[in-house]
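Chemist: sequence plus the predicted model coming up.
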Amino acid sequence: MSHAVAGRLARATAATAGSGLDALLITPSADLRYLIGVPYDAHAGVSERLTCLVLRGSGEPVLVVPRLERPGYQGIGLDELGVELADWVDGDDPYALVTGLLGGAPRAVAVSDTMPAAHVLGLRAALPDTEQRLAGPVLRELRMRKDAAEVAALRKAGAAIDRVHARMSDLAKPGRTEAEVAGAIAVAIVEEGHVAASFVIVGSGPNGASPHHSVSDRMIEPGDVVVVDIGGPMPEGYYSDSTRTYCVGGEPTAEVRDTYAVLHEAQRAAVAMIRPGVSAERVDGCARTIIADAGFGEYFVHRTGHGIGLDVHEEPYIVAGNDLALEPGMAFSVEPGIYLPGRWGARIEDIVVVTEDGCEPLNRRPHELVSL
Ligand code: ZN
Ligand code: ZN
Ligand code: ZN
């Protein structure tokens with residue numbers, strides 16, 4: 001992996017200089033995993049002790065790391081990447097160490113979007129005359145366009161979560177609570193190759209009308225419409241994320257079938273229009289118009305999609321107002337939903353990757369409302 005990563009550091013260094021920044025300061029996050037290829041570990045290095053990649057517009061990148069965590073960064077090919085380690089011990093001032101690496105008082109630095117506030121303010125105190133910006137806008141230009149190895153990793157993640165949806169008739173049964181079903185799904189997510197189940201939404205009946213419902217002790221009743229939105233990181237760090245809507249222990253009513261047909265058409269049409277040059281907001285508008293024209297506009301209460309990669313939500317966002325032109329290698333969800341408050345809801349979500357002349361869906365399970 002480290003050869004792919006080596007090019008990333010060089011591109012990020014060029015982007016840093018090109019953005020008028022003296023340095024990027026990247027604490028443990030998907031950004032750090034992207035740049036130096038550290039293995040997936042959701043919480044590694046995120047603490048009150050500063051771990052921070054100092055990526056200057058010129059010169060070698062330096063990873064500032066607490067000495068007790070240094071072993072975790074050895075043997076992962078940092079020398080090959082030309083990344084130097086600078087460690088510090090409790091009692092040292094790690095912000096002064098960063099300041100020293102920056103050669104005094106730089107004009108502007110960018111910090112990772114998820115850097116803990118304690119570190120942002122620690123750096124501000126050490127560099128009072130330095131403008132702080134966000135690194136996200138610099139790094140998203142790199143992370144948004146997936147290379148072939150990243151697309152392969154996302155394809156593997158898509159196949160793994162598809163295998164979990166394929167097992168749904170064994171997992172979701174009437175008489176079980178949402179929480180029981182979610183527990184069984186979480187086990188299946190790991191069995192099918194993920195490192196962890198990072199989210200398991202099982203929204204049955206009226207709970208399906210709340211897009212961010214997680215799970216509850218509600219018992220699934222025969223004939224319930226159930227939204228199942230699941231995913232997690234694979235060993236390489238890339239995420240899966242796929243939603244299917246099921247009718248558990250019964251057949252859908254005519255109203256459910258007709259409404260679901262609108263949603264299915266919205267998801268199909270949005271995917272069908274994806275190709276290089278089409279803007280993100282047009283894809284959102286396509287799904288939204290179909291749902292609104294059928295009279296459900298007020299019940300589609302979120303954007304159509306989000307980028308995915310080393311973070312489950314990242315650029316590009318498929319949302320009104322985003323005129324970004326899609327390019328080959330961009331990977332994102334297409335996940336329209338219809339949510340009827342107090343009654344039921346439905347969502348269909350696939351991850352797609354933009355190709356030279358269209359897009360490749362990475363999720364292949366049937367889109368129909370499946371009766372279990
Ligand atoms: Zn999603
Ligand atoms: Zn999802
Ligand atoms: Zn379909």
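Modeler: Noted; the coordinates are in hand. The shown structure was predicted, so the numbers you read here are calculated from the model rather than taken from an experiment. Ligands and ions are numbered 1, 2, ... in the order given.

Chemist: strands along the stretch 251-372 of the chain, start to end?
Modeler: Taking DSSP state E, counting those that start in this stretch as the criterion, the stretch 251-372 of the chain contains strands spanning 305-307, 314-318, 331-334, 337-340, 344-347, 350-354, 359-361, 370-371.

Chemist: typed the wrong thing, it's the stretch 1-150 of the chain
Modeler: With DSSP E, counting those that start in this stretch, the ranges of strands along the stretch 1-150 of the chain come out as 23-26, 52-56, 62-66, 84-88, 108-111, 131-134.

Chemist: which one of those strands is the most hemmed in?
Modeler: strand 23-26 (a mean of 27; mean count of other CB atoms under 10 Å). No exception for glycine: its C-beta is placed from N, CA and C like everyone else's.

Chemist: which helices and strands does it pack with?
Modeler: helix 2-18, strand 52-56, strand 108-111 (3 or more CB pairs under 8 Å, 6 or more residues apart in numbering; DSSP states H and E).

Chemist: nearest to residue 68, of the strands of the stretch 251-372 of the chain?
Modeler: Checking the strands of the stretch 251-372 of the chain against residue 68 by CB to CB gives strand 314-318 as the closest, at 30.6 Å.

Chemist: put the alpha carbons of the closest one into PDB.
Modeler: Written as PDB, here are the backbone C-alpha positions of strand 314-318 (Å, rounded to 0.1, in the frame of the first residue of the first chain):
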ATOM      1  CA  GLU A 314     -17.100  12.700   3.200                       C
ATOM      2  CA  GLU A 315     -17.000  14.800   0.000                       C
ATOM      3  CA  PRO A 316     -18.700  15.000  -2.400                       C
ATOM      4  CA  TYR A 317     -22.100  15.700  -0.900                       C
ATOM      5  CA  ILE A 318     -25.000  15.100  -3.300                       C
END
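
Chemist: quick check: angle from that strand to strand 350-354?
Modeler: Calculated by axes from the mean of the first three to the mean of the last three CA atoms, to 10 degrees, strand 314-318 forms an angle of 100 degrees with strand 350-354.

Chemist: follow-up on the earlier one: and the strands of the stretch 1-150 of the chain: which comes nearest ligand 2?
Modeler: Among these, strand 131-134 comes nearest to ligand 2, with 25.2 Å by CB to the ion.

Chemist: and the closest one, which strands flank it?
Modeler: With DSSP bridges as the test, strand 131-134 is paired with strand 108-111 (parallel).

Chemist: output the partner strand as CSV - backbone C-alpha positions only.
Modeler: C-alpha atoms of strand 108-111 as CSV (Å, rounded to 0.1, in the frame of the first residue of the first chain):
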residue,chain,number,x,y,z
ALA,A,108,-1.0,30.3,7.8
VAL,A,109,-1.5,26.6,8.7
ALA,A,110,-4.4,24.3,8.2
VAL,A,111,-5.5,21.9,10.9
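
Chemist: now it, how far from the centre of its chain.
Modeler: 23 Å (CA atoms, centre = their mean, to the nearest Å).

Chemist: list the contacts of residue 129.
Modeler: residue 105 (CB atoms under 8 Å, 6 or more residues apart in numbering).

Chemist: show me where the chain has its helices.
Modeler: 2-18, 30-36, 78-81, 94-101, 117-126, 136-143, 148-166, 168-171, 178-191, 254-272, 280-293 (DSSP state H).

Chemist: ligand 2 is nearest to which of the ones you listed?
Modeler: Closest among the helices of the chain, using CB to the ion: helix 148-166, at 9.5 Å.

Chemist: a markdown table for the strands of the stretch 1-150 of the chain, including distance to residue 158 and mean pLDDT?
Modeler: Below are those laid out as a markdown table (distance: least, CB to CB, whole Å; pLDDT from 0 to 100):
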| stretch | distance to residue 158 | mean pLDDT |
| --- | --- | --- |
| strand 23-26 | 28 | 97 |
| strand 52-56 | 30 | 96 |
| strand 62-66 | 32 | 95 |
| strand 84-88 | 36 | 95 |
| strand 108-111 | 32 | 97 |
| strand 131-134 | 30 | 97 |
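
Chemist: turn these into a markdown table, columns for distance to residue 235.
Modeler: Putting the strands of the stretch 1-150 of the chain into a markdown table (distance: least, CB to CB, whole Å) gives the following:
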| stretch | distance to residue 235 |
| --- | --- |
| strand 23-26 | 22 |
| strand 52-56 | 22 |
| strand 62-66 | 22 |
| strand 84-88 | 24 |
| strand 108-111 | 28 |
| strand 131-134 | 29 |
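
Chemist: put together CSV for the ones you listed, with distance to ligand 1 on each row.
Modeler: Output for these, formatted as CSV (distance: least, CB to the ion, whole Å):
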stretch, distance to ligand 1
strand 23-26, 25
strand 52-56, 28
strand 62-66, 32
strand 84-88, 36
strand 108-111, 27
strand 131-134, 23
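
Chemist: can you tell me which of these is nearest to residue 167?
Modeler: Comparison of the strands of the stretch 1-150 of the chain against residue 167 by CB to CB identifies strand 23-26 as nearest, at 38.2 Å.

Chemist: can you get me a residue count around residue 180?
Modeler: 18 (other CB atoms under 10 Å).

Chemist: now distance to residue 212, mean pLDDT and mean neighbour count too, for the strands of the stretch 251-372 of the chain, in CSV please.
Modeler: CSV is the format used below for the strands of the stretch 251-372 of the chain (distance: least, CB to CB, whole Å; pLDDT from 0 to 100; neighbours: other CB atoms under 10 Å):
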stretch, distance to residue 212, mean pLDDT, mean neighbour count
strand 305-307, 13, 98, 23
strand 314-318, 16, 97, 23
strand 331-334, 15, 98, 26
strand 337-340, 10, 98, 23
strand 344-347, 11, 97, 26
strand 350-354, 19, 98, 25
strand 359-361, 24, 98, 18
strand 370-371, 23, 92, 14
